[in-house]
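Asker: coordinates only, sequence not included:
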């Protein structure tokens, strides 16, 4: 570390910055800083080889695209071009008729997202280094700012002697992050009852026409009862494929990414009392995590990156920039983490609701964050009618096109298409 660095200027001065962790947070922070001042000397260090990543897909909504297009239109267009649009959410309970939520969202393969951001960072002059481990901070003595963007189990955070006041609380449920060659066109929940209890998945498209993400979750007694605490990975997959054979349409589940088989985990909720110490600052999952059932992890990492870059641009003193970033983002995260915690707990007790019809279960899921007005349930019933769903999809499509036009997505797609026609099709989805 470099103690004197907290006295160095931020705005208007060239900075030497090292980001440890080459996920969306670290890469997008580097992009954001270079966009504000190309003179900054920025290195992103990632322990994994280029093109290698854990996990399958990430999900996001229009609000993230709004941020991306405002901050860096070039990478935004590449992200949008590589994403899949899905419409509606579908809920299955055993063999009963499905229920639906309205709305739409986007999803993208995690490897493809990192490739887009890594290429853009390199194009802007960032030194992106893959396959390099950081075991201590002694080699960064001449660095003005060290960004810990190395995930929920951040090694950098631990190297700073727990000065951040880190707390990690594990959720009760077990989950495993898988892929499947079943192509889902909606965000899909499927709940199945087994001899050991309930088990379910959250699935959404990741690579258009090829691969979907499938996160399987269950309570600990179900996990043990089905033998997942003792079976090997291949046995796990075969059992899960049999359980979900109907909703997977006999397709396969996929486990291996980065040469490693996916492992059952308990979700770690990470909080920190402060997000910076001296010249080390936390970003993304190193600073906070939110349960996957609210689908905000990637968005929050990107917002962290933009807010930190903007504060460094606006404040002459590094200390002031880090203090403002810390205050702004921790305040913004407080209600989001509370909502994520509520959602996690709801799924930990999902068996309380699973004797209901899919329509009633879907409403319970929608209302899990707090009381709803009485008319909301009647609206929910109405929107299960096919004709009403069709009208709602048309309204959603109009809203999506309006937001795309407002942020310049459609105009930019037309310009890019004169040189690279393949970029036009995602805007027409």
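Answerer: That came through fine. Note that the coordinates shown come from a computational prediction; the quantities given were computed from them, not determined experimentally. Residues are numbered from 1 along each chain as shown.

Asker: Now do residue 362: how many residues are near it, please.
Answerer: By the criterion of other C-beta atoms under 10 Å, residue 362 has 23 neighbours. Any C-beta I mention is one placed from the backbone N, CA and C, and that applies to glycine too.

Asker: Am I right that it is in a helix?
Answerer: Yes. Under DSSP: H, G, I helix; E, B strand; the rest coil, residue 362 falls within a helix.

Asker: show me where the stretch 151-300 of the chain has strands.
Answerer: For the stretch 151-300 of the chain, applying DSSP state E, counting those that start in this stretch gives strands covering 166-180, 187-194, 197-207, 211-218, 253-254, 256-257, 260-261, 265-272, 276-277, 280-282.

Asker: In its sheet, which strands sit next to the fourth one, and in what direction?
Answerer: The partner list of strand 211-218 in its sheet, established with DSSP bridges, is strand 166-180 (antiparallel), strand 197-207 (antiparallel).

Asker: Go through these and pick out the most buried.
Answerer: strand 197-207 (a mean of 23; mean count of other C-beta atoms under 10 Å).

Asker: just how off-centre is it within its chain?
Answerer: Centroid separation for strand 197-207 versus its chain: 15 Å, with C-alpha atoms, centre = their mean, to the nearest Å.

Asker: Please tabulate the strands paired with strand 211-218 in JSON lines, including the columns mean pLDDT and distance to residue 274.
Answerer: Shown next, in JSON lines, are the strands paired with strand 211-218 (pLDDT from 0 to 100; distance: least, C-beta to C-beta, whole Å):
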{"stretch": "strand 166-180", "mean pLDDT": "96", "distance to residue 274": "10"}
{"stretch": "strand 197-207", "mean pLDDT": "96", "distance to residue 274": "33"}
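
Asker: For residue 72, which of these is the nearest?
Answerer: When the strands paired with strand 211-218 are compared by C-beta to C-beta, strand 197-207 sits nearest residue 72, at 22.9 Å.

Asker: and residue 232, what pLDDT?
Answerer: What the model reports for residue 232 is a pLDDT of 81.

Asker: Run a quick neighbour tally on it.
Answerer: Residue 232, neighbours per other C-beta under 10 Å, totals 8.

Asker: how much space is there between it and residue 83?
Answerer: Computed as C-beta to C-beta, to the nearest Å, the residue 232 to residue 83 distance reads 34 Å.

Asker: got it, and residue 125?
Answerer: Residue 125 is 26 Å from residue 83, by C-beta to C-beta.

Asker: Residue 343 belongs to a helix?
Answerer: Yes. In this structure, residue 343 lies within a helix as judged by three-state DSSP.

Asker: This structure: helices as residue ranges?
Answerer: Assigned by DSSP state H, the chain shows helices spanning 24-36, 62-71, 73-81, 110-123, 155-159, 220-225, 233-243, 297-314, 318-348, 358-366, 374-382, 386-406, 409-417, 424-427.

Asker: quick one on the thing from earlier: who has more neighbours out of residue 125 and residue 83?
Answerer: residue 83 (26 against 13).

Asker: Kindly list the single helix or strand of this protein that scores lowest on mean pLDDT.
Answerer: Lowest by mean pLDDT, DSSP states H and E among the helices and strands of the chain is helix 424-427, with a mean of 33.

Asker: returning to that earlier point: can you list the strands of the stretch 151-300 of the chain in CSV and add distance to residue 391?
Answerer: As requested, these are exported to CSV (distance: least, C-beta to C-beta, whole Å):
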stretch, distance to residue 391
strand 166-180, 31
strand 187-194, 20
strand 197-207, 24
strand 211-218, 27
strand 253-254, 36
strand 256-257, 40
strand 260-261, 45
strand 265-272, 37
strand 276-277, 49
strand 280-282, 45
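
Asker: quick one on the thing from earlier: got CSV for the strands paired with strand 211-218, with distance to residue 313 too?
Answerer: Shown next, in CSV, are the strands paired with strand 211-218 (distance: least, C-beta to C-beta, whole Å):
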stretch, distance to residue 313
strand 166-180, 28
strand 197-207, 34
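
Asker: Out of the ones you listed, which is closest to residue 117?
Answerer: Nearest of the strands paired with strand 211-218 (C-beta to C-beta): strand 197-207, 16.4 Å.

Asker: Just give me the neighbour total for residue 165.
Answerer: 11.

Asker: Surely it is in contact with residue 277?
Answerer: No. Residue 165 lies out of contact with residue 277 (C-beta atoms under 8 Å); the separation is 9.8 Å.

Asker: for this protein, what are the low-confidence residue spans?
Answerer: By pLDDT under 70, the weakly predicted segments of the chain are 1-12, 257-259, 413-429.

Asker: hmm, try it at 80
Answerer: Within the chain, the stretches with pLDDT under 80 are 1-13, 51-55, 96, 161-162, 231, 233, 256-260, 370-372, 411-429.

Asker: From the rest of the structure, what touches stretch 326-335?
Answerer: 272, 274-276, 281, 287-288, 290, 300, 303-304, 307-308, 311 (C-beta atoms under 8 Å, 6 or more residues apart in numbering).

Asker: Repeat the analysis, applying 6 Å as the threshold.
Answerer: Residues outside stretch 326-335 that contact it (C-beta atoms under 6 Å, 6 or more residues apart in numbering): 275, 276, 288, 304, 307.

Asker: Ok, which of the strands paired with strand 211-218 comes nearest residue 266?
Answerer: Closest approach to residue 266 among those is made by strand 166-180 (4.3 Å; C-beta to C-beta).

Asker: Comparing the helices of the chain, which stretch has the densest surroundings?
Answerer: helix 24-36 (a mean of 27).

Asker: and stretch 185-200, which residues are buried?
Answerer: Using 16 or more other C-beta atoms under 10 Å as the test for burial, stretch 185-200 gives 186-193, 196-200.

Asker: JSON lines for the residues you listed, including distance to residue 328?
Answerer: What follows is the buried residues of stretch 185-200, written out as JSON lines (distance: C-beta to C-beta, whole Å):
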{"residue": "186", "distance to residue 328": "35"}
{"residue": "187", "distance to residue 328": "30"}
{"residue": "188", "distance to residue 328": "36"}
{"residue": "189", "distance to residue 328": "34"}
{"residue": "190", "distance to residue 328": "39"}
{"residue": "191", "distance to residue 328": "39"}
{"residue": "192", "distance to residue 328": "43"}
{"residue": "193", "distance to residue 328": "45"}
{"residue": "196", "distance to residue 328": "45"}
{"residue": "197", "distance to residue 328": "42"}
{"residue": "198", "distance to residue 328": "40"}
{"residue": "199", "distance to residue 328": "40"}
{"residue": "200", "distance to residue 328": "36"}
